[in-house]
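Peer 1: Here is my input, please return the structure:
(chains A and B)
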Amino acid sequence: MADKPSGDLTSDIDGIFNVLRSVARRPVTLMEVCGTHTMSIARSGMRSVLPEGLRLVSGPGCPVCVTPMGYVDTAIELAQRPEAILTTFGDMMRVPGSKMSLEAAKARGADVRVVYSPMKSLELAQAEPSRSVIFLGVGFETTAPGSAALVRYAAERNVKNLFVLSAHKLIPPALRVLASSPDLAVDGFILPGHVSVVLGLEPYEFLAEEFARPCVITGFEPHDILQAVAMLLKQISSGNAQVENQYSRIVHEDGNPAARAAIEEVMEPADTCWRGFGILPLSGLAIREKYSAFDAEKMFGVTIPPDEPRTGCRCGDVLRGLIRPMDCPLFGDPCTPANPIGACMVSSEGSCAASYRYEQQA
Amino acid sequence: MCLAVPAKIVEIKGAQALVEVPGNRFSADVSLTPGVVVGDYVLVHAGFAIERYKESDALEILKVFEGMRDG
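Peer 2: Okay, here's the model as predicted:
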């Protein structure tokens, strides 16, 4: 087990300098795959004080950013139905579709409502039986259990006007694609904290075993992340690759079996499109046949089309850690948080948006 | 997106709990954390408790909460 973080950033950074000196004299690149880590790294200004030769890059860790345009288009298409109420997490409102965002659709009269909990959709469906309430199920393994529980409750309570349009995505299959990519220059992974609350450690073992990449699950405070960086550097310097858990105060070895059982009961892995990446095999969650009465795609006969790549946008390269956000020709002009062109500029947790807000001078 | 907050359970009815963070109470579903009881600290994400804290860690959270109130 790791030492407790000191909570003192200066000594954490000194520790990292010390370990880095003992690592072979070559640049080290670490990738974080959680949008909340991306934000914490950018906001704390940590990149500017890390030793030369140590690079932190952002992977596809923001579920809002990787939700494809075709999904937003399909949601807006469903919202045109006169009886439809769309419920969504607030972060989805500004995500651009091919024609408009949900926010723009709402401004044009679509009934789109922001909810904090998926359960609000169930209350709404029960209160308004003549309406079709369609919940936009977006998020990784942290969020998917809530959508699964929602469907389970709707089935138990025989609610017939509640539907889920699933764009849920799975982190380990995306990491497998990344790790298999021949041009990936990443020496180790900073693994997401709250996805791991659900998954535990086992689903990441392949990164260490098959791809010899050190991994550390970590929390969200700057000193958590710095400690994870130090732990990764220690693994790299000793030639080890294993999955370590810096965030053991809430991530248990076996994760949360009840949350995984809820997903397993209601959903099954399916191929899905990630904005900036295209279709990744078995990296999403579709609603099982048994619960198809709650599957918006099946019940309304819609299919989510895969995205066409956008000209000039290099989100795919940013998400693979090949270039920094500011190296994209569109960064800052015309692509900005107010006018996002690519996935990574969409949500505040996207690597380009975080970089635009906090690191433009870097 | 995966933001989550530690909160204390103050009431439970079936799978619905009332949880508390300093200055605020809100409802959270506890069906994904079987066995939790009033007084437990849980991590709440998008209206669902997704994990229970061990008692020793809960005490640390309590200290942080008290710091927030005092600060």
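Peer 1: Just the closest residue of chain A to chain B, please.
Peer 2: Chain B sits closest to residue A:117 of chain A, with a gap of 2.2 Å, by CB to the nearest CB. Bear in mind the C-beta positions are built from the backbone N, C-alpha and C, glycine included.
Peer 1: can you give me the helices in the stretch 201-350 of chain A?
Peer 2: A:205-209, A:222-238, A:257-266, A:296-299, A:315-319 (DSSP state H, counting those that start in this stretch).
Peer 1: next SSE after the last one?
Peer 2: Think helix A:315-319. Next helix or strand after helix A:315-319 toward the C-terminus (DSSP states H and E): helix A:351-358.
Peer 1: Tell me how many other residues surround the residue of chain A closest to chain B.
Peer 2: 21 (other CB atoms under 10 Å in any protein chain shown).
Peer 1: if I've got this straight, residue B:25 is in a strand?
Peer 2: Yes. Counting by DSSP: H, G, I helix; E, B strand; the rest coil, residue B:25 falls inside a strand.
Peer 1: Please name the bridge partners of it.
Peer 2: Beta-bridge pairing for residue B:25 (DSSP bridges): residue B:20.
Peer 1: now the strands for the stretch 101-250 of chain A?
Peer 2: Counting by DSSP state E, counting those that start in this stretch, one finds strands in the stretch 101-250 of chain A at the ranges A:112-114, A:132-137, A:162-166, A:188-191, A:215-217, A:243-245.
Peer 1: Now the residue of chain A closest to chain B. Nearest residue, chain neighbours left out?
Peer 2: residue B:47 (2.2 Å; CB to CB, 6 or more residues apart in numbering or on different chains).
Peer 1: what's near enough to touch that neighbour?
Peer 2: Each residue near residue B:47 by CB atoms under 8 Å, 6 or more residues apart in numbering or on different chains is listed here: A:116, A:117, A:118, A:119, A:120, A:146, B:27, B:28, B:29.
Peer 1: can you pull the pLDDT of it?
Peer 2: Residue B:47 carries a pLDDT score of 96 in this model.
Peer 1: just residue A:356 next, same as before
Peer 2: What the model reports for residue A:356 is a pLDDT of 92.
Peer 1: How about it: what's its closest non-neighbour residue?
Peer 2: residue A:337 (6.0 Å).
Peer 1: thinking the one you found is in contact with residue A:353, fair?
Peer 2: Yes. Between residue A:337 and residue A:353 there is a contact at 4.9 Å, judged by CB atoms under 8 Å.
Peer 1: Alongside chain A, which residues does chain B contribute?
Peer 2: B:1-4, B:28-29, B:31-34, B:43, B:45-48, B:50-51, B:53-54, B:57, B:60 (CB under 8 Å from any CB of the partner chain).
Peer 1: Poorly predicted segments of the stretch 251-362 of chain A, please.
Peer 2: A:309-310, A:361-362 (pLDDT under 70).
Peer 1: which residues are there in it that come within reach of chain B?
Peer 2: Counting by CB under 8 Å from any CB, the stretch 251-362 of chain A sits next to chain B at A:252, A:256, A:258, A:259, A:262, A:347, A:349.
Peer 1: Closest one of the residues you listed to residue A:315?
Peer 2: Nearest to residue A:315 among these, counting by CB to CB, is residue A:347 at 12.5 Å.
Peer 1: how near is the closest one to residue A:271?
Peer 2: Plainly put, residue A:347 is 23 Å away from residue A:271 if you go by CB to CB, to the nearest Å.
Peer 1: For residue A:121, give its distance to residue A:287.
Peer 2: 14 Å.
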